[in-house]
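Visitor: Could you look at this predicted model? Sequence included:
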Amino acid sequence: MADEEDSGSGSIRRPSWDHPVVATVAAELGGLAVSGLVALVGWPFGWLPDTGFVLIVTGFIAFEPAAELYRGASPPRRLAVVAALLALATVSLLVAAAVNWAFPALADPGVGILVGYLVALPIAVAVLAWFLTRANDA
């Protein structure tokens, strides 16, 4: 396979985008951990991060697997990006609506958007990977 490299010890090393959904979920958990640490530091001073801050931090940290996929793909990448963005928007809005419907007593309605985004980001990366793989095979 062209994507695999011999590391010199006889083992095959694969690029990190080989499992982009797993890498995205791991990066999201890392972003949530960073946001949790910020909340723990700010809590004694009466400051807690809002859901928009958590969304931005988690999104920036979890963006790397999709960027690696995009960089490693051949030039016709526009359709893959459009499909991934549509999947991200659609799934995040559907999950946000479901969370807001299931938990109407939440103090912050942004929680639904945050949960929707966290669920939708790995799905969007999977759609991006599928379209890029399909374009590279053609």
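Guide: Looks like it came in fine.
Visitor: only C-alpha atoms for contact and neighbour calcs from this point on.
Guide: Will do.
Visitor: So which bits of stretch 41-48 are buried?
Guide: residue 48 (16 or more other C-alpha atoms under 10 Å).
Visitor: next one: it to chain centre, how far?
Guide: In terms of C-alpha atoms, centre = their mean, to the nearest Å, the centre of stretch 41-48 is set 27 Å apart from its chain centre.
Visitor: same deal with stretch 79-87?
Guide: Per C-alpha atoms, centre = their mean, the centroid offset for stretch 79-87 relative to its chain is 13 Å.
Visitor: do the same with stretch 42-49
Guide: With C-alpha atoms, centre = their mean as the basis, the mean position of stretch 42-49 lies at 26 Å from the chain mean.
Visitor: Output it in PDB with nothing but the alpha carbons.
Guide: The C-alpha trace of stretch 42-49 is given here as PDB (Å, rounded to 0.1, in the frame of the first residue of the first chain):
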ATOM      1  CA  GLY A  42     -11.700  29.400  37.500                       C
ATOM      2  CA  TRP A  43     -14.300  27.800  39.800                       C
ATOM      3  CA  PRO A  44     -12.800  29.200  43.100                       C
ATOM      4  CA  PHE A  45     -12.800  32.700  41.600                       C
ATOM      5  CA  GLY A  46     -16.500  32.400  40.500                       C
ATOM      6  CA  TRP A  47     -15.700  32.000  36.800                       C
ATOM      7  CA  LEU A  48     -17.000  29.000  34.800                       C
ATOM      8  CA  PRO A  49     -16.500  28.700  31.000                       C
END
